[in-house]
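Asker: What shape does this take:
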Amino acid sequence: AEEFARSLEKFDRIFLLDIYPAREEPLEGITSEWLLEKIKNPNKKRVEKSEISREIISDLPEVLITLG
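Answerer: Got it, this is the predicted structure:
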């Protein structure tokens, strides 16, 4: 998880939603809040699923990458 957080730092802007484990068991202590704290990029934000479209549209990127 630490390495994943460092890899996210390279993006211009980062929006994090709640971590949804799908078929896996959740990793104890690993939450979107924890991940947000580990990312050393000032352009980061935790958003609700209902807000993500509005956040993206407010400043359209040239490239949009989604994970999950």
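Asker: Tell me where the model's unsure across this structure.
Answerer: Along the chain, segments meeting pLDDT under 70 are nowhere present.
Asker: where exactly do the helices run in it?
Answerer: 2-8, 32-38, 52-58 (DSSP state H).
Asker: For the protein, which residue occupies the most central location?
Answerer: Centroid-nearest residue in the chain: Leu16, 2.6 Å away (criterion: CA atoms, centre = their mean).
Asker: Kindly state the beta-bridge partners for that one.
Answerer: Leu16 has these beta-bridge partners by DSSP bridges: Arg46.
Asker: ok, now which ones touch it?
Answerer: For Leu16, the contact set (CB atoms under 8 Å, 6 or more residues apart in numbering) comprises Ser32, Leu35, Leu36, Lys44, Lys45, Arg46, Val47. (C-beta placed from N, C-alpha, C; glycine too.)
Asker: Can you give me every residue that contacts the second one?
Answerer: The reference is to Leu35. Ala1, Phe4, Ala5, Leu8, Leu16, Ile19 are the contacts of Leu35 under CB under 8 Å, 6+ apart.
Asker: Now do it against Glu62, distance only.
Answerer: 25 Å (CB to CB, to the nearest Å).
Asker: Need the nearest residue in space to Tyr20, chain neighbours excluded.
Answerer: Once flanking residues are discounted, Tyr20 sits nearest to Gly68: 7.0 Å by CB to CB, 6 or more residues apart in numbering.
Asker: shouldn't Lys49 be in contact with Tyr20?
Answerer: No - using CB atoms under 8 Å, Lys49 is not in contact with Tyr20; the gap is 9.6 Å.
Asker: Okay then, goodbye and thanks.
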